[in-house]
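Colleague: Just need the structure, nothing else, for what follows:
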Amino acid sequence: MNIFTDIRSVVIAALDAMVADGALPPGLSFANVTAEPPRDAAHGDMATNAAMVLAKAAGKAPRDIADTLVARLVTNAQIETAEVAGPGFINLRLVESVWTGVVGEVVSAGEGYGRSDLGTGTKVNVEYVSANPTGPLHVGHTRGAVFGDALASLLDFAGYEVTREYYINDGGAQVDVLARSVYLRYLEAHGQEVAFEDGTYPGDYLKPVGEALKEKVGDAYLDKGEDVWLEDVRGFATEAMMVLIREDLAAIGVKMDRFYSEKSLYGTGRIEDAIEELKKRDLIYRGTLEAPKGKVPEDWEPREQTLFRSTAHGDDVDRPIMKSDGDWTYFAPDIAYHWDKISRGYDALIDVFGADHGGYVKRMKAAVSALSDGKVTLDIKLTQLVKLYKDGEPFKMSKRAGTFVTLRDVVDQVGSDVARFVMLTRKNDAPLDFDFAKAVEGSKDNPVFYVQYAHARTCSMMRSAEGLGAKPADTVNLEYAGELAIVRKIAEWPRLVEIAARTNEPHRIAFYLYELASEFNSFYSSGKEFPERKFVKEDDIPGTASKLPLVSAVRTVIANGLNVLGVTPAEEM
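Modeller: Prediction:
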């Protein structure tokens, strides 16, 4: 049940009647007509922009359309009042039975309340984390992991067919550096003194990998050149790091559907196949790029290269796909990887990148547009940096990792649920300050605590009512403005899910949950001053029973929202 969709249908039906009566000309499009919460709750339960968006096409003044539309709307059994405001907006108040019906729908639907068919028949691939397999995940990866996982869950909740995917960057030079670093730990495991030069990975997390390598091959690689051991150690180290990364992901509640190896693109013809597809579209050519804008590097010189005509699909400049020595650029395997996704039949692709990948957005969108003939969409979400604090002071680095704070550091400090919620309290492209002390603080200023406390409070109230022998009544009794405010917020949930899914913005769920918790906790607290407002009354079992459907509805919606975010709803606090 989406009450906003229902009321919009009422508005559209009234507009159709106006067309039939000649009050509006035929052929008008009602696509931009909305029914949504008013900016100021004092103005009513809902507002529609119908008169404003139709005025120009209809050749009429907005107020004239609004006056006629209002006269029709008030005849509907669901609408109590309809009033014209300002230049032609219409504010609506709904009859109480609409709101009691919302509560009943929530209780009846349970975990299904808010689920949508918005994405039915649409296959979406969400690629996220995709960290180099050179060490444990750090706090920046944590934000990308949480954002991507919550987005995937949101899209699933909205009816899309979702695949969660991790792209293993195991085809570049950084994996050779990993192999050399593990080799040093291997020598160390044999009792040798080693020194980690710049560019190697000195973190303690590689010690057990070096010991495991010793256990596997003994002294076979001692005093041997890279031509003997590099390839084998590279594979051994990569697999060891992926085991570590999978454990890190599990610690934050992330489970991928698929891991895709970059290395599998090399020597298999997949890159060549993707480039051939672009050649068929006359998008690959030999050419010379203009000098970079701004200060030109001293060693820059114009040279002919193999280029992708990405400007034909919205990019600012054409992009090299092959180096002068004949090797592929970094962009070439990325093109092949996305061609593989397209070939797997996805209707939409979403990539979650770190903020430092901003320069890749236009070129990747151009490649997907070109390879799919514009039929597959690509949305690239950039996650900004996370700054860590504890009691207002910068959080110190992790010895285990050597140079950065790990995902495990975060989870060990506050737990997976808190970490996930806090990571979603800002839009993905906004910087995030994460203070470990504030994250576990028991106050309204801590959104994760406040939302969890509201859910735990509903659970406690239901247990108390059960202890009194009170069972939820068939219908809810809404007596106070605060109760109606809670129901109005509950009614927004299905609409909010669809908005968040359309925009790929799971942070909207976290914001919404805090708003719902605020409405509920505020009214609950008023019961201390006004005992008649209490939901559970020991001396009034029938009255308690009449309030329990609302309590149950709040519990259901908060739980559904937290589950979308991958946060376990607390039953006791």
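
Colleague: Low-confidence regions, this structure specifically.
Modeller: Residues of the chain that meet the criterion pLDDT under 70 lie in 296-300, 396-403.

Colleague: Domain-wise, how is it divided?
Modeller: Following automatic domain parsing, one finds the domains of the chain at 3-94, 447-565.

Colleague: Quick check: the gap between the residue of the chain positioned farthest from its centre and residue 183.
Modeller: Farthest-out residue of the chain from its mean C-alpha position, per Cα atoms, centre = their mean: residue 223, at 49.4 Å. Residue 223 sits 12 Å away from residue 183, going by Cβ to Cβ, to the nearest Å. C-beta: built from backbone N, CA, C; applies to glycine.

Colleague: got it, and residue 248?
Modeller: Taken as Cβ to Cβ, the span from residue 248 to residue 183 is 23 Å.

Colleague: same deal with residue 49?
Modeller: 66 Å.

Colleague: of the two, who's got more company?
Modeller: residue 183 (23 against 17; other Cβ atoms under 10 Å).

Colleague: hmm, back to that, just name the most buried of the domains of the chain.
Modeller: The highest mean neighbour count among the domains of the chain, using mean count of other Cβ atoms under 10 Å, belongs to domain 447-565: a mean of 19.

Colleague: Residue 431 and residue 384: what is the separation?
Modeller: Where residue 384 is concerned, residue 431 sits at a distance of 5 Å (Cβ to Cβ).

Colleague: Ignore what I typed, I meant residue 537.
Modeller: 48 Å.

Colleague: ok, residue 500 - contacts?
Modeller: Residues counted as contacts of residue 500 (Cβ atoms under 8 Å, 6 or more residues apart in numbering) are 154, 506, 508, 509.

Colleague: do the same with residue 567
Modeller: With Cβ under 8 Å, 6+ apart, residue 567 has these contacts: 417, 420, 421, 448, 452.

Colleague: With adjacent residues omitted, what lies nearest to the residue positioned nearest the centre of the chain?
Modeller: Nearest to the geometric centre of the chain sits residue 151, at 2.9 Å (Cα atoms, centre = their mean). In this structure, residue 151 finds its nearest non-sequential neighbour in residue 506, 4.9 Å apart by Cβ to Cβ, 6 or more residues apart in numbering.

Colleague: pretty sure the one you found contacts residue 152?
Modeller: No. At 9.0 Å, residue 506 does not count as touching residue 152 under the criterion of Cβ atoms under 8 Å.

Colleague: Stretch 211-220: which residues count as buried?
Modeller: Neighbour-count burial for stretch 211-220 flags 212, 213, 214 (criterion: 16 or more other Cβ atoms under 10 Å).

Colleague: likewise stretch 180-193?
Modeller: Of all the residues in stretch 180-193, those buried under the rule 16+ other Cβ under 10 Å are 180, 181, 182, 183, 184, 185, 186, 187, 188, 189.

Colleague: Run the chain-centre distance for that stretch.
Modeller: 41 Å (Cα atoms, centre = their mean, to the nearest Å).

Colleague: now stretch 142-155
Modeller: 4 Å.

Colleague: who touches it?
Modeller: Contacts for stretch 142-155 (Cβ under 8 Å, 6+ apart): 119, 124, 126-129, 137, 162, 164, 249, 252-254, 350, 352-354, 381, 383-384, 386, 407, 410, 419-420, 423-424, 428, 432, 497, 500-501, 504, 506, 509, 563-566.

Colleague: change it to 6 Å
Modeller: 124, 126, 128-129, 162, 164, 252, 254, 352, 383, 386, 407, 410, 420, 423-424, 428, 500-501, 504, 506, 564-566 (Cβ atoms under 6 Å, 6 or more residues apart in numbering).

Colleague: Now do the same contact list for the nearest residue to residue 148 once chain neighbours are set aside.
Modeller: Take residue 148 and drop its neighbours on the chain: the residue closest to it by Cβ to Cβ, 6+ apart is residue 128, 2.5 Å away. Residue 128 makes contact with 144, 148, 352, according to Cβ under 6 Å, 6+ apart.

Colleague: For the closest residue to residue 111 other than its chain neighbours, give its distance to residue 512.
Modeller: Spatial nearest neighbour of residue 111, excluding adjacent residues (Cβ to Cβ, 6+ apart): residue 560 at 6.3 Å. In this view, residue 560 and residue 512 are 11 Å apart by Cβ to Cβ.

Colleague: ok so, going back, just send the domains of the chain back as JSON lines, with distance to residue 341 too.
Modeller: Formatted as JSON lines, these follow (distance: least, Cβ to Cβ, whole Å):
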{"stretch": "domain 3-94", "distance to residue 341": "31"}
{"stretch": "domain 447-565", "distance to residue 341": "16"}
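
Colleague: of all the ones you listed, which lies closest to residue 292?
Modeller: Closest approach to residue 292 among these is made by domain 447-565 (31.7 Å; Cβ to Cβ).

Colleague: and residue 406, how many neighbours?
Modeller: Around residue 406 there are 23 residues (other Cβ under 10 Å).

Colleague: Now do it against residue 59, distance only.
Modeller: Relative to residue 59, and taking Cβ to Cβ, residue 406 is found at 64 Å.

Colleague: Which parts of the stretch 351-500 of the chain are helices?
Modeller: Taking DSSP state H, counting those that start in this stretch, the helices of the stretch 351-500 of the chain run over residues 361-371, 407-414, 416-423, 436-439, 447-468, 481-491, 493-503.

Colleague: Residue 39: which element?
Modeller: Using DSSP states H and E, residue 39 is not contained in any helix or strand.

Colleague: ok, the closest residue to residue 546 other than its chain neighbours to residue 253 distance?
Modeller: Nearest non-adjacent residue to residue 546, counting by Cβ to Cβ, 6+ apart: residue 477, 3.7 Å away. Per Cβ to Cβ, residue 477 is found 39 Å from residue 253.

Colleague: do residue 211 as well
Modeller: With Cβ to Cβ as the criterion, residue 211 and residue 253 are 30 Å apart.
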